[in-house]
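*Asks:* Turn this into a structure:
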Amino acid sequence: MAFRITDYEKDLPRLNIELQRLDQLEQRINKLNDLAISNQQVVIQENLANGVQDQNNLTFTWTGATLTMSWAPGYVKDHQGHYNHVAAGSQVLAASTYYWVAWNTIHQTMSFNVNLDLLHGKPSLLVLCQVFTGTGAQTGAAGGGGTAVNGRDLSGLKYKNF
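*Replies:* Take a look at the predicted model:
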């Protein structure tokens, strides 16, 4: 609703009423925002208490000569117990750098990023782990759940094998 001031004496009381309505709307929005944050925290706690912890059986292999991180096919199990199959692949990365790794369940692609904030909290991304790339002269298993003794591990772990 557009409100125009044409007569200061007549319109000023109306303007004050409209400003009070705006203040009330702001208070209602703030209460709803607080409720949404509270509900989100409850959901997180419920998932932790009742859900299955994310895990994966992927092994990330660093090939220093080509600056390539590769992985064989495997799976990621999310907190609801759903299995997401992961196709084999590889990606060129910088040497001697920590990368957060996430599987995109919609696009079926692996994402590597040095900044966890760019991966975490996105519904289509399952954060797997943090791996460290070796130097250009190093080659071997960089990490992932597949490097654990039983061949799978919880997601979110940090691996530094070089």
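
*Asks:* now Leu119: how far from Gly144?
*Replies:* 16 Å (C-beta to C-beta, to the nearest Å). For glycine as for every other residue, the C-beta is placed from the backbone atoms N, C-alpha and C.

*Asks:* Show me where this protein has its helices.
*Replies:* 8-50 (DSSP state H).

*Asks:* tell me which helix or strand of it sits lowest on mean pLDDT?
*Replies:* Lowest mean confidence among the helices and strands of the chain (mean pLDDT, DSSP states H and E): strand 153-154, at a mean of 75.

*Asks:* quick one, which of Leu119 and Gly144 is more surrounded?
*Replies:* Taking neighbours as other C-beta atoms under 10 Å, Leu119 and Gly144 compare with Gly144 leading, 25 against 18.

*Asks:* residue closest to the middle of this structure?
*Replies:* His120 (1.6 Å; C-alpha atoms, centre = their mean).

*Asks:* what's it in contact with, if anything?
*Replies:* Counting by C-beta atoms under 8 Å, 6 or more residues apart in numbering, His120 touches Val127.

*Asks:* Over to it: give its phi and psi.
*Replies:* Per-residue torsions, His120: phi -70, psi 140 (degrees, to the nearest 10).

*Asks:* rewinding a little: quick one: residues in contact with the least confident helix or strand of the chain.
*Replies:* 53-57, 129, 144-147.

*Asks:* Just flag the most distant two among the residues you listed.
*Replies:* Gln53 and Thr147 (17.6 Å; C-beta to C-beta).

*Asks:* out of those two, which sits in the busier spot?
*Replies:* Thr147 (22 against 12).

*Asks:* My guess is that one contacts Tyr159. True?
*Replies:* Yes - counting by C-beta atoms under 8 Å, Thr147 does reach Tyr159; the two are 6.9 Å apart.

*Asks:* the strands in this structure, which residues?
*Replies:* 55-56, 60-63, 68-71, 74-77, 83-86, 89-92, 98-104, 109-113, 125-132, 139-143, 153-154, 157-159 (DSSP state E).

*Asks:* can you pull the buried residues of the third one?
*Replies:* Residues of strand 68-71 classed as buried by neighbour count (16 or more other C-beta atoms under 10 Å): 69-71.
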